[in-house]
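Visitor: mind folding the following:
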Amino acid sequence: MFPNPIEIVCVDVVQPIIDFLGYLLVEVHFIAFLAFVALLGIFLGLILGIVSVIWYKLTRDEKTEQRLTEGGDSAVVKKNA
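Guide: Purely as a prediction, here's the structure:
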């Protein structure tokens, strides 16, 4: 039977991270726990930022790109002088 992908991610990826965080908090030192949480946040922020940029670049249509490169009216509001 084919395993559930969500279960694979939770058991093989997330659970060891949670176990390691518990080990750092209880057995090692609180500062090591905070450092690991900070590094984890930075790492996830970079990954999600890269995914967001890739998603933004892939979902733009050609009309928007052409209008912005030609200096369309959506980029700058011109005043009548």
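
Visitor: tell me how far the longest helix along the chain lies from the chain's centre.
Guide: In the chain, assigned by DSSP state H, the helix with the most residues is helix 30-59. Centroid separation between helix 30-59 and its chain, computed with Cα atoms, centre = their mean, to the nearest Å, is 5 Å.

Visitor: kindly provide the whole-number mean pLDDT of stretch 36-55.
Guide: Averaged across stretch 36-55, pLDDT comes to 90.

Visitor: what's the longest helix of the chain packed up against?
Guide: helix 15-23 (3 or more Cβ pairs under 8 Å, 6 or more residues apart in numbering; DSSP states H and E). Just so you know, the C-beta spots here come from the backbone N, C-alpha and C atoms, and that holds for glycine as well.

Visitor: residue nearest the centroid of this protein?
Guide: The chain has Leu48 as the residue nearest its centroid, 0.9 Å off, counting by Cα atoms, centre = their mean.

Visitor: what sits against that one?
Guide: Going by Cβ atoms under 8 Å, 6 or more residues apart in numbering, Leu48 touches no other residue.

Visitor: separation between it and Phe30?
Guide: 27 Å (Cβ to Cβ, to the nearest Å).

Visitor: thinking again about what came up before, now do the longest helix of the chain against helix 15-23, angle only.
Guide: 150 degrees (axes from the mean of the first three to the mean of the last three Cα atoms, to 10 degrees).

Visitor: averaged pLDDT, the stretch of helix or strand Glu7 belongs to. What do you get?
Guide: Using DSSP states H and E, Glu7 falls within helix 5-9. Mean pLDDT, helix 5-9: 79.

Visitor: for the longest helix of the chain, which positions count as buried?
Guide: 33, 36 (16 or more other Cβ atoms under 10 Å).

Visitor: same check, this time on stretch 6-25
Guide: Those would be Leu24, for stretch 6-25 by 16+ other Cβ under 10 Å.

Visitor: I appreciate the help and will end here.
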